[in-house]
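1. Curious how this folds, go ahead:
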Amino acid sequence: MHNYKELKVWQKAMDFVVAVYALTRKFPKDELFGLTSQLRRAAVSIALNIAEGAGRETDAEFARFLDIALGSAYESIVALIIAQRLGYCDLQESNALVEQAEEIARMLTGLIKHYAPNREYLNQK
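-> This is a model prediction of the structure:
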């Protein structure tokens, strides 16, 4: 098992969640159950999956949850781009958060390669 609270990527994911919530408070109220909810869920999912994976017994299981977190990071990036294109935030705001998400994605990719270099978790059920 891993101590997720000591992982720099988890700490950055937590900061990202806070920033996403701050940004989405400015989105139109009619987006509350649309893009606002989707972006918040994706951001939260990053930190949650890192923590859940850290509680698993094997490195391969941990890597599987890191991979899920990675998918959520990319989902967050696309949602931020959509928000900017719809005019819910400006380019500077969305770019700052996209950069955070991309850094998290790079860190997750490095951890996945470390804990499951051959992605053996893909063969697990």
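2. where does the closest residue in space to residue 55 that isn't next to it in sequence land on pLDDT?
-> Once flanking residues are discounted, residue 55 sits nearest to residue 1: 6.0 Å by Cβ to Cβ, 6 or more residues apart in numbering. All C-beta spots, glycine's among them, are computed from the backbone N, C-alpha and C. We have a pLDDT of 70 for residue 1.
3. repeat for residue 122
-> Reading off the model, residue 122 has pLDDT 63.
4. Same question for residue 57.
-> 88.
5. give me the number of residues near the closest residue in space to it that isn't next to it in sequence?
-> Distances taken as Cβ to Cβ, 6+ apart place residue 1 nearest to residue 57, at 7.0 Å, with adjacent residues excluded. For residue 1, the tally of surrounding residues (other Cβ atoms under 10 Å) stands at 10.
6. Can you name the residues that contact residue 1?
-> By Cβ atoms under 8 Å, 6 or more residues apart in numbering, the residues touching residue 1 are 54, 55, 56, 57.
7. In helices, which of these appear?
-> residue 54 (DSSP state H).
8. Report back the residue of the protein that's furthest from centre.
-> residue 30 (24.1 Å; Cα atoms, centre = their mean).
9. All set, thanks.
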